[in-house]
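>>> Could you work out the structure for the sequence below:
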Amino acid sequence: MIRFEKLTKSFEVNGRRKIVIDNLSLTLETGRSLALLGRNGAGKSTLMSIIAGNMRPDHGQVICDGTMSWPIGQAGAVHPQMTGAQNVRFIARVYGIETEELIDFVQDFAQIGEHFHMPVRTYSAGMRARLTFGLSLGIKFDTYLIDEVTGAGDAAFRARSVALFHERMKSSDAIMVNHNLHELKEFCDAALILENGKLTFFEDLDEAIDRHKRNLS
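You can find the predicted model right below:
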């Protein structure tokens, strides 16, 4: 369960205050994989960061009754000066995971070779996505926050990612941002639309996608 209580977040843009989340009160029940839809700049990544606890709202709060991943795919999930292996060790200690077991999993899953022992700042965007996606899926969270990463890598890597993600979804929930609507249909069974600071829940994913397309037009 995720509950938003009078949640508000704004930013100063060109000397003016822009509200991206406006007095949001909504409860998301457990047991769903949700697509998060909205036009560019609507505040989707901001909302994901607030849910994860990485960003403070101006007002209100988010209450969660389970473990929450960081927003996978956003910058800042790993430290650029540390190697991939060092990042995995650090995350393992933070979450109380057996270190060597997580290292073995991520190294095998990401398949970035010797780069695993090189600073993350030297990685391509694809290698960084492989590392962060593998690192997150190596930890069993109650809810995964996914931001545009399921398509990272070649066809073989994507196939393994999809298979593992489906396996995790048997016992976990997800909130997913993805501009590829076909992928959203593959993973999600309901949706949220963030528009003009308001968040609306849709039981029917196709209805939400149609509404999202109309908003864009």
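
>>> can you map out the strands along this structure?
Listed from the start of the chain, the chain has strands (DSSP state E) covering 2-13, 16-28, 33-37, 59-64, 68-72, 143-147, 173-177, 190-195, 198-202.

>>> For residue 59, grab the count of nearby residues.
13 (other CB atoms under 10 Å). Just so you know, the C-beta spots here come from the backbone N, C-alpha and C atoms, and that holds for glycine as well.

>>> Show me what the helix or strand bottoming out on mean pLDDT in the chain is packed up against.
When the helices and strands of the chain are scored by mean pLDDT, DSSP states H and E, helix 155-169 comes last with a mean of 85. Helices and strands touching helix 155-169, by 3 or more CB pairs under 8 Å, 6 or more residues apart in numbering; DSSP states H and E, are helix 125-137, helix 181-187.

>>> export those to a markdown table and tack on mean pLDDT, distance to residue 14 and mean neighbour count?
Below are those laid out as a markdown table (pLDDT from 0 to 100; distance: least, CB to CB, whole Å; neighbours: other CB atoms under 10 Å):
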| stretch | mean pLDDT | distance to residue 14 | mean neighbour count |
| --- | --- | --- | --- |
| helix 125-137 | 87 | 29 | 23 |
| helix 181-187 | 88 | 32 | 15 |
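
>>> Kindly present the strands of the chain as CSV, with separate columns for distance to residue 48.
Shown next, in CSV, are these (distance: least, CB to CB, whole Å):
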stretch, distance to residue 48
strand 2-13, 11
strand 16-28, 11
strand 33-37, 7
strand 59-64, 11
strand 68-72, 4
strand 143-147, 5
strand 173-177, 7
strand 190-195, 10
strand 198-202, 12
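
>>> Output the helices and strands packed on helix 155-169 in a markdown table; the columns should cover distance to residue 205.
A markdown table is the format used below for the helices and strands packed on helix 155-169 (distance: least, CB to CB, whole Å):
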| stretch | distance to residue 205 |
| --- | --- |
| helix 125-137 | 23 |
| helix 181-187 | 7 |
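
>>> For residue 19, find the nearest of those.
Within these, the stretch nearest residue 19 is helix 181-187; the backing value is 26.0 Å (CB to CB).

>>> what helices or strands is the closest one leaning on?
strand 33-37, helix 155-169, strand 173-177, helix 205-216.

>>> and for that helix, what are the contacting residues?
33, 35, 37, 150-151, 162, 165-166, 169, 174, 176, 178, 191, 205, 209 (CB atoms under 8 Å, 6 or more residues apart in numbering).

>>> please redo it, this time with the cut-off set to 10 Å
Helix 181-187 has contacts (CB atoms under 10 Å, 6 or more residues apart in numbering) with 33-37, 146, 148, 150-151, 158, 162, 165-166, 169, 174, 176-178, 180, 191, 205-206, 208-209, 212-213.

>>> Which residues are in contact with the closest residue to residue 132 other than its chain neighbours?
Closest residue to residue 132 apart from its sequence neighbours, by CB to CB, 6 or more residues apart in numbering: residue 77 at 4.7 Å. By CB under 10 Å, 6+ apart, the contact set of residue 77 is 52, 54, 69-71, 87, 91, 120, 128-129, 131-133, 135-136, 147, 149.
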